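J.: take a look and give me a structure for this.
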Amino acid sequence: MANITAKDVAALRAKTGIGMMECKKALVEANGDVDEAIKILRQRGELKADAKAARIAADGIVDIMKEGNVTAMIEVNSETDFVAKNASFQEFVKNILKTIIANKPADLDALMASEYIDGSATVEAKLKEMIFVIGEKLSIRRFVVVEGITSTYIHGTGSIGVVVSFDVDAATAEKEEFLAFAKNIALQVGAYPTPYLDRDSVPASVIEEEKSILMAQIANDPANAKKPPQIIEKMVSGRIGKFYDNNCLLDMAYVKDDEIKVGKYVENTAKELGTTIKVTGFHRFEKGEGIQKREENFADEIAKLTNKQ
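T.: Numbering: from 1, shown residues only. Down below sits the predicted model:
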């Protein structure tokens, strides 16, 4: 049996972040082999990760990384904001972004099967190891890879992330005036979530459904009972215009000058720079968006812990 010293245990703890006693047990089981001990801890981590599968991870961070002409954005969830602020968790997210840029996986399954950037394991295995180390459910929820000229924005410490892509010549893309403009567009997307880029992006079925709702609203208003069909049609068209204003980025009022629309701001900037600029798309991730958060009753929890319930 190998002689396990306190220094050995401390070294393994520094590598894994796991408690001293668990590190010592793993080293004893591995007969002092550090790599084997880490493997044992991972295996135990997989069991603990499975046990946490039913928990709700609605916190975490959205993060972005750019390398050359490739931009990657990801949302990784945790159960608490305490973990989201943890340095090792944030480093893990950065490394996942590096892995995404290096491998350009097609979807989450491909990402989970990809080799983690340090070559130590797959992303899936590394995630399970992190769950074991941190002690919370963690989830890689979604990511996107965008190639070409982009502008990005992260709100706060990662509650919202935005990537906007542009069609513009390379020389213009490097100008300070363009960079400031592009950042403003990213800020607009961050501040005012909207599902569509422009009117052409809205599916015909969405417009037809909106029209049917508007027609029903107008028909149910007694004040419209005697209005001729052509007036009703104009009312519907006007309200559809409002729909575009509220749901299409380029039709929205520009956040820094509500006298003009975003599309006009793009047009004005292109004219000032003597070129053409086109916003070609955007992605917006909001941390925990759509995840049903668990409601905690701390009085009940304390009662359970003290066997009073």
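
J.: alpha carbons only: can I get the host helix or strand of Lys128 in CSV?
T.: Applying DSSP states H and E as the criterion places Lys128 in helix 123-134. Extracted C-alpha coordinates of helix 123-134, given in CSV (Å, rounded to 0.1, in the frame of the first residue of the first chain):
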residue,chain,number,x,y,z
VAL,A,123,-17.5,17.8,-22.4
GLU,A,124,-20.2,15.5,-20.9
ALA,A,125,-17.7,13.9,-18.5
LYS,A,126,-16.2,17.2,-17.6
LEU,A,127,-19.7,18.5,-16.8
LYS,A,128,-20.4,15.6,-14.5
GLU,A,129,-17.1,16.2,-12.8
MET,A,130,-18.0,19.8,-12.2
ILE,A,131,-21.4,18.8,-10.8
PHE,A,132,-19.6,16.5,-8.3
VAL,A,133,-17.0,19.2,-7.4
ILE,A,134,-19.5,22.1,-7.0
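
J.: ok, the following helix or strand past that helix: who's next to it in the sheet?
T.: Counting by DSSP H and E, the next helix or strand C-terminal to helix 123-134 is strand 139-147. Sheet pairing for strand 139-147, assigned by DSSP bridges, gives strand 70-77 (antiparallel).

J.: residues contacting the strand it pairs with, please?
T.: Applying CB atoms under 8 Å, 6 or more residues apart in numbering, the set of residues contacting strand 70-77 from outside is 57-66, 89, 92-93, 96-97, 100-101, 104, 138-147, 150, 152, 161, 163, 283, 285, 287-288, 291. From N, CA and C alone the C-beta is placed, and that goes for glycine too.

J.: can you do 7 Å?
T.: 57-65, 93, 96-97, 100-101, 138-147, 150, 152, 161, 163, 283, 285, 287-288 (CB atoms under 7 Å, 6 or more residues apart in numbering).

J.: return the angle between stretch directions for it and helix 123-134.
T.: Taking axes from the mean of the first three to the mean of the last three CA atoms, to 10 degrees, one finds that strand 70-77 is oriented at 40 degrees with respect to helix 123-134.

J.: that older thread, other SSEs contacting the helix holding Lys128?
T.: helix 34-51, helix 87-103, helix 108-113 (3 or more CB pairs under 7 Å, 6 or more residues apart in numbering; DSSP states H and E).

J.: can you give me the helices in this protein?
T.: Taking DSSP state H, the helices of the chain run over residues 6-16, 20-29, 34-51, 81-84, 87-103, 108-113, 123-134, 170-173, 176-191, 204-219, 229-247, 262-273, 298-305.

J.: beta partners of the residue minimising distance to the centre of the chain?
T.: When CA atoms, centre = their mean is applied to the chain, the residue found nearest the centroid is Glu75 (3.3 Å). With beta bridges defined as DSSP bridges, Glu75 has these partners: Val62, Arg142.

J.: Ile134 and Gln90 touch, don't they?
T.: No: when contacts are counted by CB atoms under 7 Å, Ile134 is not listed as touching Gln90 (11.6 Å).

J.: fine by me, we can end here.
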